[in-house]
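Student: I would like the atomic coordinates for the input below:
(one chain, ligands or ions: 2)
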Amino acid sequence: MSKLRVAVIGAKGRIGSEAVRAVEAADDMELVAALGRGDKLEALVETGAQVVVELTTPGSVMGNLDFCVRHGIHAVVGTTGWTDERLAQLRTWLDASPETGVLIAPNFSIGAVLTMKFAQLAAPYFDSVEVVELHHPHKADAPSGTATRTAQLIAAARERAGSAPQPDATETALDGARGADVDGVRVHAVRLNGLLAHQEVLLGGEGETLTLRHDSLHHSSFMPGILLGARRVVETPGLTFGLEHFLDLD
Ligand SMILES: NC(=O)C1=CN([C@@H]2O[C@H](COP(=O)(O)OP(=O)(O)OC[C@H]3O[C@@H](n4cnc5c(N)ncnc54)[C@H](OP(=O)(O)O)[C@@H]3O)[C@@H](O)[C@H]2O)C=CC1
Ligand SMILES: O=C(O)C1=N[C@H](C(=O)O)C[C@H](O)C1
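Tutor: Ligands and ions are numbered 1, 2, ... in the order given. Just a heads-up that it's a prediction; the model follows:
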């Protein structure tokens, strides 16, 4: 059987360099291009890339995806910074290239995907829920894509269940003291040397709390999800948001 022809954009970055190694080590894949900043995207066409793994920056990802979708190259995207407007733009591009698939995964690690799932399950049973994400201090954005998505999923689960608004009588003396508000769920971002990528979902009810915590201790934690995404996206046209759609979690 022929190997899947995979390219990595952002190949010199923290996660991109790990992805290069993971694709090279996968028996069913061939790394056909490893692009860094300044490299020409035309190399993707010249090398016959079928799937791109996009791990760059919020400032670069849209231009890269525009090129990929226009050339019918599927994409697995880990880069953060997704807004409703960006997703709508991407859907427009995909409408014009209906056989192309794009997977955007706020987090490729199985533990993080499960944390999001458990948080949605638990959130309607508690009065209060807040998200704390903790990362290395070189991370470009805050809050993390994972924390934003987790808060959105929690808010949607609470709305579906008809949960009451969260109790909070605080009058904040300093801006930011209560974190960011994502659909009514507070999200706090810690940047600390020594950390990689971590998240806690804190849930509180009458006389009890539940803490869900996930730790990515090495960038290798994201690789099985990236490889799975590359294998599945080629047979999944359109936009898929979240690795959970490629996992049999129910
Ligand atoms: N979904 C997930 O599971 C994960 C997602 N991420 C996300 O992935 C992204 C990258 O993270 P990280 O590796 O830590 O960041 P880094 O800054 O280490 O890597 C980004 C790389 O992309 C390069 N780059 C920027 N623009 C372009 C471009 N147009 N073409 C080619 N290369 C480009 C950068 O080059 P230069 O240094 O010259 O700017 C850099 O080498 C972030 O958004 C992060 O949040 C990270 C881990 C897991
Ligand atoms: O920048 C990182 O490191 C990470 N980014 C992603 C995010 O913003 O959620 C995924 C993971 O947290 C690591």
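Student: any residues of the protein in contact with ligand 2? List them.
Tutor: 80, 106-107, 135, 139, 144-146, 197 (C-beta under 6 Å from any ligand atom). Yep, even glycine has a C-beta here, placed from its N, CA and C like the rest.
Student: following element in sequence after the strand or helix carrying Thr148, please.
Tutor: Following DSSP states H and E, the helix or strand that holds Thr148 is helix 145-161. Using DSSP H and E, the next helix or strand after helix 145-161 towards the C-terminus is strand 180-182.
Student: partner strands of that following strand, with direction?
Tutor: Applying DSSP bridges, strand 180-182 is found paired with strand 185-191 (antiparallel).
Student: let me know the average pLDDT across stretch 185-196.
Tutor: In this model, stretch 185-196 carries a mean pLDDT of 98.
Student: buried ones in that stretch?
Tutor: Residues of stretch 185-196 classed as buried: 185-189, 195 (neighbour count, 16 or more other C-beta atoms under 10 Å).
Student: who's in contact with that stretch?
Tutor: Here stretch 185-196 makes contact (C-beta atoms under 8 Å, 6 or more residues apart in numbering) with 129-137, 139, 142-144, 147-148, 151-152, 154-155, 166, 178-181, 215-219.
Student: now do the end-to-end distance for that stretch.
Tutor: 23 Å (C-alpha to C-alpha, to the nearest Å).
Student: mind listing what the spatially most central residue of the chain touches?
Tutor: Centrality entry for the chain: nearest residue to the mean C-alpha point is Pro106, 1.0 Å, by C-alpha atoms, centre = their mean. Going by C-beta under 8 Å, 6+ apart, Pro106 touches 80, 82, 144-146, 148-149, 242.
Student: near ligand 1 at all, stretch 206-223?
Tutor: Yes. Using C-beta under 6 Å from any ligand atom, stretch 206-223 reaches ligand 1 at Phe222.
Student: send me that stretch as PDB with only the CA atoms.
Tutor: Taking C-alpha atoms only, stretch 206-223 is exported to PDB below (Å, rounded to 0.1, in the frame of the first residue of the first chain):
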ATOM      1  CA  GLU A 206     -22.600  22.200  48.200                       C
ATOM      2  CA  GLY A 207     -19.900  20.900  50.500                       C
ATOM      3  CA  GLU A 208     -17.800  19.300  47.700                       C
ATOM      4  CA  THR A 209     -15.500  20.000  44.900                       C
ATOM      5  CA  LEU A 210     -14.300  18.000  41.900                       C
ATOM      6  CA  THR A 211     -11.000  18.700  40.200                       C
ATOM      7  CA  LEU A 212     -10.200  17.400  36.700                       C
ATOM      8  CA  ARG A 213      -6.500  17.800  35.900                       C
ATOM      9  CA  HIS A 214      -4.500  16.900  32.800                       C
ATOM     10  CA  ASP A 215      -0.800  17.300  32.300                       C
ATOM     11  CA  SER A 216       1.100  17.100  29.000                       C
ATOM     12  CA  LEU A 217       4.600  16.400  30.200                       C
ATOM     13  CA  HIS A 218       6.200  16.200  26.800                       C
ATOM     14  CA  HIS A 219       5.300  17.200  23.200                       C
ATOM     15  CA  SER A 220       5.200  13.400  22.400                       C
ATOM     16  CA  SER A 221       1.700  13.500  24.100                       C
ATOM     17  CA  PHE A 222       0.300  15.200  21.000                       C
ATOM     18  CA  MET A 223       1.800  12.900  18.400                       C
END
